[in-house]
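> the amino acid sequence is not available; the structure is as follows:
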């Protein structure tokens, strides 16, 4: 079969080029040329205007609903909750994460569980059969009779296999390695990723086959490739955490079948990933109370979690103080430091400040503001907090402490682990467990011990 004729279209100005170039000659923008297949003869617009047909419509009340009881369970309750109850037939899931964090390990564990009752195909474009066999042996998945494997990078062949209807679930590791025969660009380019994913998604929807695509990430942590890839799939899962140790979190950035407020927490062992039943106790097990140490009651999705915030404050040796944050947004940290200097009597302009979230977690909860401020103040003044106290609350630019969601869950988790009180916004003062504070200065004066 002859190769289809292609052309390159600038995504900024729409100019057509016969060959790829790094810079568009018309608008001067860089890296905006995308390969597209050209139909011979009459233009595609002219063909489309005369080849359409009237669609057969139906009333929405007569449309059949999907049977949610047919969802495939992954073998891990927390992961099922993140997916909205399991993997729905015909759903396309994109799982993205850093290299080495455990994407292939997690998927092989999931397929081994599903393959006990259902036929599953694992397609690898990165590893050979012997490499996958070694991992399957380590994870105890080598005895699965309904788990098949193939090494291929052809999107055409994989789509044809999906259309065969032999498998209920197909794993593709990874989408960045696939290529369509009709497109000449290399695998991993925008055109290849877009068209390959379209072909696989169409095949999945036609046959009701569930497909899980593995995606790479860039140095900034975003999913590699075009943004349209995230729009095409039904579910986008982000695999986060420290690949060298600590907890690893799977959360849904997009979910057409469930909530995006859930999170599954895992820990890596030699035999694979294991769900953490009580992450709060594990995170606080090695805590050594000292100045600069504060326990934060946060939420990972809808799950309450107690995590230790550590702060270290030292006089700077240079003219410009250094601020470093591990697991917390550095820009937010700079804002909180400015609020502390303006609204309290602390002078931090000549201090190096280091913040660490224990366990490798990355906090996106605004309720961490008060805990971060109190940890910095504790380290700067050399004063400790009460060991039986947890902290949560959002800090505004005026130094006020604002309300946060999920107060009952945070308090219940703190009580379960033996804490006696919580420093929280004044609006939640109806709860006797909570010691209310209206502003940051009051919190520092009343609750930092000598």
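In hand now; what should we look at? Everything numeric here is computed off the predicted structure, so don't read it as measured data. Numbering: from 1, shown residues only.

> what's stretch 54-67 in contact with?
Residues outside stretch 54-67 that contact it (CB atoms under 8 Å, 6 or more residues apart in numbering): 88-89. Just so you know, the C-beta spots here come from the backbone N, C-alpha and C atoms, and that holds for glycine as well.

> which residues of the stretch 1-150 of the chain fall in helices?
Taking DSSP state H, counting those that start in this stretch, the helices of the stretch 1-150 of the chain run over residues 44-51, 77-82, 103-114, 129-139.

> could you identify the helix or strand that succeeds the lengthiest helix in the chain?
Once the chain is assigned using DSSP state H, the helix that runs over the most residues is helix 190-207. Once the chain leaves helix 190-207, the next helix or strand it forms, by DSSP states H and E, is strand 210-215.

> related to what we said a few turns ago, worst average pLDDT in the helices of the stretch 1-150 of the chain?
Among the helices of the stretch 1-150 of the chain, helix 44-51 carries the lowest mean pLDDT, at a mean of 65.

> give me the mean pLDDT for stretch 264-279.
Mean predicted confidence for stretch 264-279 is 88.

> and what of stretch 323-339?
pLDDT averaged over stretch 323-339 gives 95.

> which residues of the stretch 251-400 of the chain fall in strands?
For the stretch 251-400 of the chain, the strands defined by DSSP state E, counting those that start in this stretch occupy 263-269, 272-275, 293-300, 303-315, 323-326, 351-357, 389-391, 394-395.

> any residues touching the longest helix of the chain, and which ones?
Residues outside helix 190-207 that contact it (CB under 8 Å, 6+ apart) are 34-36, 90-92, 155-156, 158-160, 162-165, 170, 172, 175-176, 178-180, 182-183, 185-186, 209-211, 213, 225-226, 228-229, 232-233.

> hmm, back to that, okay, the strands of the stretch 251-400 of the chain in CSV with mean neighbour count next?
Listed next are the strands of the stretch 251-400 of the chain as CSV, based on neighbours: other CB atoms under 10 Å:
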stretch, mean neighbour count
strand 263-269, 20
strand 272-275, 17
strand 293-300, 25
strand 303-315, 20
strand 323-326, 16
strand 351-357, 21
strand 389-391, 24
strand 394-395, 22
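
> just put the ones you listed in CSV and tack on distance to residue 430.
Output for those, formatted as CSV (distance: least, CB to CB, whole Å):
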stretch, distance to residue 430
strand 263-269, 28
strand 272-275, 35
strand 293-300, 17
strand 303-315, 19
strand 323-326, 34
strand 351-357, 30
strand 389-391, 18
strand 394-395, 19
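
> and of those, who's closest to residue 27?
Closest of the strands of the stretch 251-400 of the chain to residue 27 is strand 323-326, at 38.8 Å (criterion: CB to CB).

> how far is the closest one from where the chain is centred?
21 Å (CA atoms, centre = their mean, to the nearest Å).

> which residues touch the nearest residue to residue 246 once chain neighbours are set aside?
Excluding the flanking residues, the one nearest residue 246 by CB to CB, 6 or more residues apart in numbering is residue 360, at 2.9 Å. By CB under 8 Å, 6+ apart, the contact list for residue 360 reads 241-242, 245-247, 327.

> any idea how far residue 360 lies from residue 95?
19 Å (CB to CB, to the nearest Å).

> got phi/psi on the nearest residue to residue 126 once chain neighbours are set aside?
Closest residue to residue 126 in three dimensions, ignoring its sequence neighbours and counting by CB to CB, 6+ apart: residue 177, at 5.7 Å. Note on residue 177: backbone dihedrals following degrees, to the nearest 10 are phi -100, psi -10.

> surely residue 177 touches residue 213?
No - between residue 177 and residue 213 there is no contact under CB atoms under 8 Å: 10.9 Å.

> centre of the chain versus stretch 282-300, how much separation?
The answer for stretch 282-300 is 23 Å, by CA atoms, centre = their mean.

> average pLDDT for stretch 215-227?
86.

> I would like the residues contacting it, please.
Against stretch 215-227 from outside (CB under 8 Å, 6+ apart): 94-99, 174-176, 188, 190, 193-194, 229-230, 236.

> residue 177 and residue 213: which is more packed in?
residue 213 (28 against 21; other CB atoms under 10 Å).

> pull the contacting residues for the more buried one.
Counted by CB under 8 Å, 6+ apart, residue 213 has contacts 92-95, 172, 174-175, 197, 200, 233.

> out of the contacts of helix 190-207, which are inside strands?
34-36, 92, 170, 172, 210-211, 213 (DSSP state E).

> how many neighbouring residues does residue 185 have?
17.

> against residue 176, how distant is it?
13 Å.

> residues in contact with stretch 154-161: which ones?
121, 123, 150, 152, 167, 170, 172, 178-181, 195-196, 199-200, 202-203.

> so, low pLDDT: which residues of the stretch 351-450 of the chain?
449-450 (pLDDT under 70).

> and stretch 58-69, what's its mean pLDDT?
74.

> scratch that, stretch 236-245 is what I was asking about
pLDDT averaged over stretch 236-245 gives 84.

> spatially, what comes nearest to residue 389 if we skip its sequence neighbours?
residue 421 (5.4 Å).

> do residue 293 as well
residue 310 (5.7 Å).

> surely the one you found meets residue 353?
No - taking CB under 8 Å as the definition, residue 310 is not a contact partner of residue 353, at 11.5 Å.

> so what's residue 228 up against?
Here residue 228 is in contact with residue 194 (criterion: CB under 8 Å, 6+ apart).

> roughly how far apart are it and residue 108?
As for residue 228, its distance to residue 108 is 28 Å (criterion: CB to CB).
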